[in-house]
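> let's see this in three dimensions:
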Amino acid sequence: FDMIPITGEKKPRVGIVGEILVKFLPAANNHLAELLEAEGAEAVCPDLIDFINYCFYNQNFKCEFLGFKKNKATIANWGIKAIEWLRKPMNEALAQSRHFTPSADIADLAKMAEPIVSPGNQTGEGWFLTGEMMELIHGGVPNIVCIQPFACLPNHIVGKGVIKEIRREHPEANIVAIDYDPGASEVNQLNRIKLMLSTAVKNLNKN
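I've put the predicted structure just below:
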């Protein structure tokens, strides 16, 4: 892939985070990735398998603070090691690439999220949602669309609730929260996304 010729055109990079189904199912998010690309941006969507690592990693907190059996954390940590072992050849290749980056380490995501939200916040995407936003910002993707289905309380609270604190720590963060449900106005969604993209383009031109 590094050998494929590319232009020097600069595009604003936009991360997609949020509720797991809406994030990865195009039919549920009105083909958000295609929309961003059609509007001249580069869509960046974190790995699906990281959510599995998040579920495994949560067992450590449950064993330490909630009285769960220690063997649950042991089994979960072996699960993380097995996934990382399978991803190792891919991550090594991505690390050597000029255009791509390796997958995130789940422990690093937890550390990035911890100053903002407790690792005990495990409902829905919990602290993982904050961790993904922080990973994107640290990885040079300050523009983020946080998407959630209507009435998904955990994601509305965590997703929208952390935006102000993230902006305080990272003034360059350009985050918009978008609700998706059958009754939501597609025009309203599009307008809010375009407003975020106009800010992203301005910030890109400044640099």
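> going forward, measure contacts and count neighbours with C-alpha atoms only.
Will do.
> surely Ile116 and Glu165 touch.
Yes. Ile116 lies in contact with Glu165 (CA atoms under 8 Å); the separation is 7.1 Å.
> what about these two, which has more around it?
With neighbours defined as other CA atoms under 10 Å, Ile116 and Glu165 compare such that Ile116 has more, 16 against 13.
> report how many residues lie close to Leu195.
With other CA under 10 Å as criterion, Leu195 counts 11.
> separation between it and Lys81?
Counting by CA to CA, to the nearest Å, the separation of Leu195 from Lys81 is 41 Å.
> also Thr101?
From Thr101 to Lys81 the distance is 20 Å (CA to CA).
> where along the chain do the helices fall?
20-24, 32-38, 49-65, 70-96, 106-113, 126-138, 153-161, 163-169, 186-206 (DSSP state H).
> can you tell me which of the ones you listed is packed in deepest?
Comparing the helices of the chain by mean neighbour count (mean count of other CA atoms under 10 Å), helix 126-138 ranks first with a mean of 23.
> that one versus helix 49-65: what angle between them?
130 degrees (axes from the mean of the first three to the mean of the last three CA atoms, to 10 degrees).
> check the offset of helix 126-138 from the chain's centre.
Its chain's average C-alpha position is 6 Å from that of helix 126-138, according to CA atoms, centre = their mean, to the nearest Å.
> which other helices and strands does it contact?
Secondary-structure packing of helix 126-138 (3 or more CA pairs under 8 Å, 6 or more residues apart in numbering; DSSP states H and E): strand 13-18, helix 106-113, helix 153-161.
> report the angle between the second one and helix 70-96.
Using the same axes, to 10 degrees, the direction of helix 106-113 lies 90 degrees away from that of helix 70-96.
> swap in the longest one?
For helix 153-161 against helix 70-96, the angle by the same axes, to 10 degrees is 50 degrees.
> returning to that earlier point: export the helices and strands packed on helix 126-138 to JSON lines and append columns for mean pLDDT and distance to Glu92.
Shown next, in JSON lines, are these (pLDDT from 0 to 100; distance: least, CA to CA, whole Å):
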{"stretch": "strand 13-18", "mean pLDDT": "96", "distance to Glu92": "23"}
{"stretch": "helix 106-113", "mean pLDDT": "96", "distance to Glu92": "17"}
{"stretch": "helix 153-161", "mean pLDDT": "82", "distance to Glu92": "32"}
